[in-house]
Every structure is written in C-alpha cells, then in structure tokens.
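K.L.:
fold the following.
(chains A and B)
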Amino acid sequence: EAGVTQFPSHSVIEKGQTVTLRCDPISGHDNLYWYRRVMGKEIKFLLHFVKESKQDESGMPNNRFLAERTGGTYSTLKVQPAELEDSGVYFCASSPNLGDTQYFGPGTRLTVL
Amino acid sequence: AQSVAQPEDQVNVAEGNPLTVKCTYSVSGNPYLFWYVQYPNRGLQFLLKYITGDNLVKGSYGFEAEFNKSQTSFHLKKPSALVSDSALYFCAVRDSWGKLQFGAGTQVVVTP
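P.N.:
Reported below is the predicted structural model:
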C-alpha cells in the first residue's frame, strides 16, 4: 500500500511569489491534515479535511494560505504571496476515520528568500 | 487546552544502553498520546500510541512507552539503543477531532 506522498520535496521561492504544495493521502483515507514545522520549532496543525470539506482550519496563519481538496482525494496548499516567515517543512497526514492513527508524508521543505 | 512537553532538547546515549525520551502531558479528560520519529531527511513515522488499556504500550522498532496517569507522563523507552535510533522524536496528544498537538521534539544521539 502506497503511503502519503507530497510534492515537491523542496521548493525555493522568492518573497512575494506563489507556491502550491500537493499531498496525496493513502487511498481511502477520508481524513487529511496539514501541519508545518517552522524554524525548528514545534510542529503546528494547520487544517483538517474530511473528504472534501474543511473540518477545522483554525491553524491557518492568515488569508495568504489557501487549502483545497476537490473531489476528496488529493489536497493542495497554496501560499500567495509567500513571506519569509512561511519557510519551514509542511507535512501532510491522513487517516481512515476520525481518531485513527495519522500517517505522515515526507514533507515539503519550503524556503522563501 | 491540551499540551505536551518534552523537557529535553537532546538525549545522548551509548549504543547498547537503555534509552528514555521524556514526555509529559496536560489534558482535560482522557489523553490520547502518540510518539512519532523523524529520521534524517524523512517524514514522521508512527511509533506507538496510548488510547486506553495497558499502561505499557509496545510499538515499532523495539520501542515501548509507559503511560503514567499520576505523573501525567508518557515516556518513550528502548532497553538497548542502536546507532540507527539516532533521530528526532516527537510526543503528541490528540484532541477529539483528531488534531495532533506536538511537543518540541527531542534529538536522540546514539554513539557507537
């Protein structure tokens, strides 16, 4: 069974540019989560999808971040425009049902110059 | 609000010696506790979890964790550390909606 995949693995962009991160969860997993670890600090929750619906987006830092999960399969996280403080590692995780163990992808390392 | 704390930024241990990584938690209600590990240039890997039941939980790669309600702790342990156990370890607590709240992480360094 394929695990959670994320693309790209690394992205280096300049301040003000736009970046879109993609997450493909494990097939059949209705729950999809985004987290990020900024500057070696704690891993912080961003948002949670149940199928295509946003269940909880309380962790989204501001309106420069937009997450979608059209069709309830893969998800994208767009940052527009990117700022220096957005640099970090963005993780995606999925689980079959609410409360099940979350399985993480390898992460996307975003560097904003 | 719930939280976890990992009091040690780094733990150094010699190969073959016991390894302990500390975690304490603060929750209202029943805790749902997890340990994840991040190897260099890899994603987070699930090690083990405590939901209910036995206080000693066994997980992957020979790791186990002991849930202690009176001390609000969930320390990760391995009887005999390997060099390959060198990694970043995260303790986490889950809320009723599935959201994980992580500790700051503990870097484990196992020397030959």
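K.L.:
what parts of chain A come near chain B?
P.N.:
With CB under 8 Å from any CB of the partner chain as the criterion, chain A meets chain B at residues A:4, A:6, A:31, A:33, A:35, A:41-45, A:48, A:55-56, A:59, A:91, A:93, A:95, A:98-107. Glycine gets a C-beta too; all of them are placed from N, C-alpha and C.
K.L.:
restrict those to the buried ones and give me that as a PyMOL selection.
P.N.:
Buried subset of those, written as a PyMOL selection, criterion 16 or more other CB atoms under 10 Å in any protein chain shown:
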select buried, chain A and resi 4+6+31+33+35+42+43+44+45+48+55+56+59+91+93+95+102+103+104+105+106+107
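K.L.:
now, the residues of chain A next to chain B that are in strands?
P.N.:
A:6, A:31, A:33, A:35, A:43-45, A:48, A:55-56, A:91, A:93, A:95, A:103-104 (DSSP state E).
K.L.:
show me the contacts for the residue nearest to the spatial centre of chain A.
P.N.:
In chain A, the centroid-proximal residue (CA atoms, centre = their mean) is A:W34; its distance is 3.7 Å. Taking CB atoms under 8 Å, 6 or more residues apart in numbering or on different chains, we find A:W34 in contact with A:23, A:45-48, A:67, A:75, A:77, A:90-92.
K.L.:
may I ask which of those residues has the most neighbours?
P.N.:
A:C92 (29 neighbours; other CB atoms under 10 Å in any protein chain shown).
K.L.:
correct me if wrong: that residue contacts A:I26.
P.N.:
No: using CB atoms under 8 Å, A:C92 is not in contact with A:I26, being 10.5 Å away.
K.L.:
overlap in contacts of the two?
P.N.:
With CB under 8 Å, 6+ apart, A:C92 and A:I26 have common neighbours A:V4.
K.L.:
the closest residue to B:N12 other than its chain neighbours: how many residues sit nearby?
P.N.:
What sits nearest to B:N12 in space, not counting adjacent residues and going by CB to CB, 6 or more residues apart in numbering or on different chains, is B:V109, at 5.0 Å. If you count neighbours by other CB under 10 Å, B:V109 ends up with 13.
K.L.:
tell me the pLDDT of B:V109.
P.N.:
The score at B:V109 is 98. That number is its pLDDT.
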